[in-house]
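Participant: The amino acid sequence is not available; the structure is as follows:
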């Protein structure tokens, strides 16, 4: 279910409610832990859907720092690639959590540009077990992704894929504030 679509420059940004593992985009973003070896929530769902080849490739990456991102194949997913990014654990907002979360989106967009990807789907990074406030995270996600479009001129479609409607509504509100005109 699509809640909102906006065009910014050459890219269409949309907010949807769906299972990110089912999307046919060039890359889906995984809200990973630092080991990159799978976990709960979105991370576990992506690893299960992609199959054991994903964890085998992730072992070769030797983890990932908070705020950074790394790319792998998508294996059994419709998406050709998985961009793994490690969001911050919320600790009250005094330990640079906002900047680290924004970095997750910017670094993911940089990887899209580096690999000439045309479409990417983001989950609501850090809002599950990492407890980042969902409204604050949605605002950061949209602002950082819009800023990151400059580093990824090949990207024509960005999807903010939320598992449930309340998260999607927050992303739609943020996109309405920070996005361009409605796309037809």
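Facilitator: Arrived safely. Being a predicted model, the structure only gives us computed values, none of them experimental.

Participant: For the rest of this, base every contact and every neighbour count on C-alpha atoms.
Facilitator: Will do.

Participant: Now do the helices in the chain.
Facilitator: 41-50, 52-59, 97-114, 134-148, 165-178 (DSSP state H).

Participant: winner for burial among those helices?
Facilitator: Mean neighbours per residue, mean count of other CA atoms under 10 Å, is largest over the helices of the chain for helix 97-114, with a mean of 22.

Participant: Now do that one: distance to the chain's middle.
Facilitator: 9 Å (CA atoms, centre = their mean, to the nearest Å).

Participant: Which strands or helices does that helix pack on?
Facilitator: If you count contacts as 3 or more CA pairs under 8 Å, 6 or more residues apart in numbering; DSSP states H and E, helix 97-114 packs onto strand 69-73, strand 81-86, helix 134-148.

Participant: at 6 Å instead, please
Facilitator: helix 134-148 (3 or more CA pairs under 6 Å, 6 or more residues apart in numbering; DSSP states H and E).

Participant: what sits up against the helix it packs on?
Facilitator: When contacts are defined by CA atoms under 6 Å, 6 or more residues apart in numbering, helix 134-148 is touched by residues 102, 105-106, 109, 127, 170-171, 174.

Participant: Residue 149: what's it in contact with?
Facilitator: Counting by CA under 6 Å, 6+ apart, residue 149 has no contacts.

Participant: With residue 75 instead?
Facilitator: Listed by CA under 6 Å, 6+ apart, the contact partners of residue 75 are residue 50.

Participant: got any ranges where this protein has weak pLDDT?
Facilitator: For the chain, the stretches flagged by pLDDT under 70 are 179-184.

Participant: if we go to 90?
Facilitator: 1-3, 9, 40, 178-184 (pLDDT under 90).

Participant: what's the residue closest to the geometric middle of it?
Facilitator: Taking CA atoms, centre = their mean, the centroid of the chain lies closest to residue 122, which sits 2.5 Å from it.

Participant: pretty sure that one is touching residue 29, no?
Facilitator: Yes: between residue 122 and residue 29 there is a contact under CA atoms under 6 Å: 5.1 Å.

Participant: Skipping adjacent residues, who's closest to residue 80 in space?
Facilitator: residue 74 (4.7 Å; CA to CA, 6 or more residues apart in numbering).

Participant: measure that neighbour to residue 54 for me?
Facilitator: Distance, residue 74 to residue 54, using CA to CA, to the nearest Å: 7 Å.

Participant: Also residue 140?
Facilitator: As for residue 140, its distance to residue 54 is 28 Å (criterion: CA to CA).
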